[in-house]
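A.B. asks: requesting a structural model of the entry that follows:
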Amino acid sequence: MLQPKITGPFILNKKFSFLQHIVSKTTNTLLFVTIILLSAAVVCSPARAGTAPSILYKISIPMEPGKDVTVSSFNGTAAVIGQVTALPQTTRWPSYSASAWGTPGEVCASAVNAVHMLVSVEKEKGRTLSIIPRETIAPAAGPGASVVISSKAGTGIFGAWAPPVGSKISVIKKGSDKPSPLSVNNLPQKGDTLIITVQTMDHGYMAEIENRPGGRVTEWSKDGYRIIGRVIRPLAGTGRFEGTLFQKTGSLRANHCGVIDFSSSQIGKIGGFQIIPWDHALLSKEMQGSWDMTQWMIIGPSDGRSMMGGTSPLFKGVLVSGPSEGELLWDIWSTYGRRSLILARKNGGPWEKLPEVTGRNDYALKDVTHLKIYFPFTDEPAL
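C.D. replies: As a prediction, the model looks like this:
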């Protein structure tokens, strides 16, 4: 019977050293090739390298009465969402307090009845230019400081195509095709075109709020959860916030650097509540009543020191009113998902729709112990 030949230690070590040399050489070669391929991918695909978010859609507003307001999405979809009916004669300064927490040349408020754009910050006060629907007025816009378009409130640029806070704004001068940022020295004139660019943002799925003093404000994302704030003053009632006339129960009415406004009433009726950062409650003269009234929830940062106004995900870059009934975006997922919705728990019970409450009712929401705000999305979930 044949026996296997026993190889001596010297020969084994020699073979092992040779194999180590081959493996090491192969590994180095593969590593070198991988680095070259990754470098090429970064050079050829800067968007995938994380250098800049991709463009979701653009809104074009010609500064000419009677001209169409159009949108064009990343996949080539184009639509007319209204016509220009009047041009601004001025800008508003000083504008509402929280406008100064935005970035000049960006959207600083997005609502069902107005879009406000920050032109500049002067003496710590914001200067704004607005876009409003013809059928209503928006007190925050100021007289004569708005582009008026024919879209109904809650639709078009005030609905499905609403730009979130932080969207970039540029002006294309008449006779040119080169955009330049909106500024106090670059205001749109008759014949120019105003461009609002909406980009995709990387944010979580939702925020949960424990409606009690010290309650946690938690953002949930694919990476888990993080505490982004604490409740300073809880919510208990509803109030007469006029813009809620154009939004259904449980949907976002407005978002700006210092407010989240949800409707508690059906379209055609007035009723809702607001969530504001402590900056707004402490520093803004018009918000001093929020410490004594139940229609406002005041929240602060998790570290107890930082400014919360004008920060993502609650006060910049994420929340929009979303499509109204019958409005369509570029596919089923964007139409279904691109809206900010809210659910509530009463006395720690199951999640349910926000109760429908009209007008001012100081204690209509006193039994609400938790709120959950779903962030908008445009892609099929889990993909």
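
A.B. asks: can I assume W333 sits in a helix?
C.D. replies: Yes. Judged by DSSP: H, G, I helix; E, B strand; the rest coil, W333 forms part of a helix.

A.B. asks: count the residues that sit near the closest residue to it other than its chain neighbours.
C.D. replies: Of all residues not flanking W333 in the chain, E380 sits nearest, at 4.9 Å (Cβ to Cβ, 6 or more residues apart in numbering). Every C-beta, even on glycine, is put in place using the N, C-alpha and C of the backbone. Using other Cβ atoms under 10 Å, E380 has 12 other residues around it.

A.B. asks: pretty sure E380 contacts S334?
C.D. replies: No. Judged on Cβ atoms under 8 Å, E380 makes no contact with S334 at a distance of 9.8 Å.

A.B. asks: need phi/psi at the residue nearest to W333.
C.D. replies: Dihedral angles of E380 (phi, psi; degrees, to the nearest 10) stand at phi -60, psi 130.

A.B. asks: before we move on, what about P163?
C.D. replies: phi -90, psi 130.

A.B. asks: pretty sure it contacts V107?
C.D. replies: Yes. P163 lies in contact with V107 (Cβ under 8 Å); the separation is 5.0 Å.

A.B. asks: so for the two, which residue has more residues nearby?
C.D. replies: V107 (28 against 25).

A.B. asks: distance check, the nearest residue to the more buried one once chain neighbours are set aside against E380.
C.D. replies: Nearest residue to V107, sequence neighbours excluded (Cβ to Cβ, 6+ apart): S167, at 4.3 Å. Distance of S167 to E380, given as Cβ to Cβ, to the nearest Å: 24 Å.

A.B. asks: just the terminal-to-terminal distance for stretch 229-238.
C.D. replies: End-to-end distance of stretch 229-238 (Cα to Cα, to the nearest Å): 22 Å.

A.B. asks: if you could redo that for stretch 338-358, that was the one I meant.
C.D. replies: End-to-end distance of stretch 338-358 (Cα to Cα): 26 Å.

A.B. asks: quick one: contacts of it?
C.D. replies: 160, 238, 249-252, 255, 262, 264-266, 269-271, 318-323, 329, 364-365, 367-378 (Cβ atoms under 8 Å, 6 or more residues apart in numbering).

A.B. asks: pull out the buried residues from these.
C.D. replies: Buried members of those, counted by 16 or more other Cβ atoms under 10 Å: 160, 238, 249-252, 255, 262, 264-265, 269-271, 318-323, 329, 364-365, 368-376, 378.

A.B. asks: in this protein, which spans are helices?
C.D. replies: With helices called from DSSP state H, the chain shows them at 9-44, 278-283, 332-337.

A.B. asks: among these, which gets the worst mean confidence?
C.D. replies: Note on the helices of the chain: lowest mean pLDDT is at helix 9-44, with a mean of 39.

A.B. asks: domains of the chain?
C.D. replies: What automatic domain parsing lists as the domains of the chain is 55-199, 206-374.

A.B. asks: to the chain's geometric centre, what's the distance from the shortest one?
C.D. replies: Using Cα atoms, centre = their mean, to the nearest Å, we find the averaged C-alpha position of domain 55-199 to lie 16 Å away from the chain's own average C-alpha position.

A.B. asks: start to end distance for that domain?
C.D. replies: 4 Å.

A.B. asks: give the contact list for D379.
C.D. replies: 333, 337.

A.B. asks: gap between it and P163?
C.D. replies: Distance, D379 to P163, using Cβ to Cβ: 19 Å.

A.B. asks: over to R127?
C.D. replies: Taking Cβ to Cβ, one finds R127 at 19 Å from P163.

A.B. asks: for this structure, what helix or strand is lowest in average pLDDT?
C.D. replies: One helix or strand of the chain scores below all others by mean pLDDT, DSSP states H and E: helix 9-44, with a mean of 39.

A.B. asks: check L365 and give its pLDDT.
C.D. replies: In this model, L365 carries a pLDDT of 98.

A.B. asks: go on, E242?
C.D. replies: For E242, the model assigns a pLDDT of 92.

A.B. asks: likewise for E135?
C.D. replies: 86.

A.B. asks: could you pull up the contacting residues of it?
C.D. replies: Shown in contact with E135 (Cβ under 8 Å, 6+ apart): 152-153.

A.B. asks: with D261 instead?
C.D. replies: Residues near D261 by Cβ under 8 Å, 6+ apart: 111, 241, 243-244, 252-255, 272-274.

A.B. asks: swap in 10 Å and give it another go.
C.D. replies: Applying Cβ atoms under 10 Å, 6 or more residues apart in numbering, we find D261 in contact with 111-112, 241, 243-244, 247, 252-255, 272-276, 319, 321.

A.B. asks: out of those, which end up buried?
C.D. replies: Neighbour-count burial (16+ other Cβ under 10 Å) applied to these gives 111-112, 241, 243-244, 247, 252-255, 272-276, 319, 321.

A.B. asks: residue boundaries of the strands in the stretch 51-200 of the chain?
C.D. replies: Secondary structure of the stretch 51-200 of the chain (DSSP state E, counting those that start in this stretch): strands located at 55-62, 68-73, 78-86, 106-111, 114-122, 125-133, 146-149, 168-172, 179-181, 193-199.

A.B. asks: what's the fifth one packed up against?
C.D. replies: Just to be clear, that refers to strand 114-122. Applying 3 or more Cβ pairs under 10 Å, 6 or more residues apart in numbering; DSSP states H and E, we find strand 114-122 packed against strand 106-111, strand 125-133, strand 146-149, strand 168-172, strand 193-199, strand 252-256.
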